[in-house]
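A.B. asks: Following is a predicted model, sequence given first.
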Amino acid sequence: MNTVTEFLTKNRTVYLATIGIDGNPKVRPFQFMLEDGGKLYFCTANNKPVYQEMQKHPAVEFSICDEKFAWLRLHGKAVFSQDLRIKEKVLEGNPLVKSIYKTADNPAFEIFYLEGAGATIADFSGNPPQTFTF
């Protein structure tokens with residue numbers, strides 16, 4: 001978990017792949033928010049298509065690459081939470097998110113974590129990829 005969290009923290013902009021409402025794949029940039037209690041958290045708004053996509057098809061995958069072209073693939077089931085403590089931590093740790101949602105009880109503000117998550121970190125070194133489950 002620490003290796004994956006460290007990779008995500010150093011490279012906060014990730015790309016989220018979902019199955020669109022139309023059945024076609026969709027990819028867009030996202031930001032990693034935080035790890036808490038062994039769960040990796042992200043956020044969005046419930047008025048965005050991505051929220052509707054994850055409600056219909058909760059299996060998602062993130063991809064990210066660092067400056068040395070090592071990459072991380074992270075997959076799991078998106079589980080939405082109304083935990084105000086986590087929402088507060090997200091707002092405290094990300095000025096952009098705070099500027100958008102203002103307060104943890106904003107009705108549009110949604111947080112989610114990955115259940116049954118797994119990750120792979122690989123690079124071009126020729127070494128085998130590292131795999132993680134949590």
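C.D. replies: Nice, thanks for sending it over.

A.B. asks: Please identify the longest strand in this structure, counting by residues.
C.D. replies: Longest strand in the chain, counting residues (DSSP state E): strand 109-122.

A.B. asks: Okay, the spatially most central residue of the chain and Ser99: tell me how far apart.
C.D. replies: In the chain, the centroid-proximal residue (C-alpha atoms, centre = their mean) is Phe42; its distance is 4.3 Å. Phe42 sits 17 Å away from Ser99, going by C-beta to C-beta, to the nearest Å. Using the backbone N, CA and C atoms, a C-beta is placed for each residue, glycine as well.

A.B. asks: go on, Asn127?
C.D. replies: Per C-beta to C-beta, Asn127 is found 41 Å from Ser99.

A.B. asks: How about Ala117?
C.D. replies: Taking C-beta to C-beta as the criterion, Ala117 is separated from Ser99 by 28 Å.

A.B. asks: Which one's more surrounded, those two?
C.D. replies: Ala117 (20 against 9; other C-beta atoms under 10 Å).

A.B. asks: Surely the more buried one and Leu40 touch.
C.D. replies: Yes. Ala117 is within contact range of Leu40, at 6.5 Å (criterion: C-beta atoms under 8 Å).
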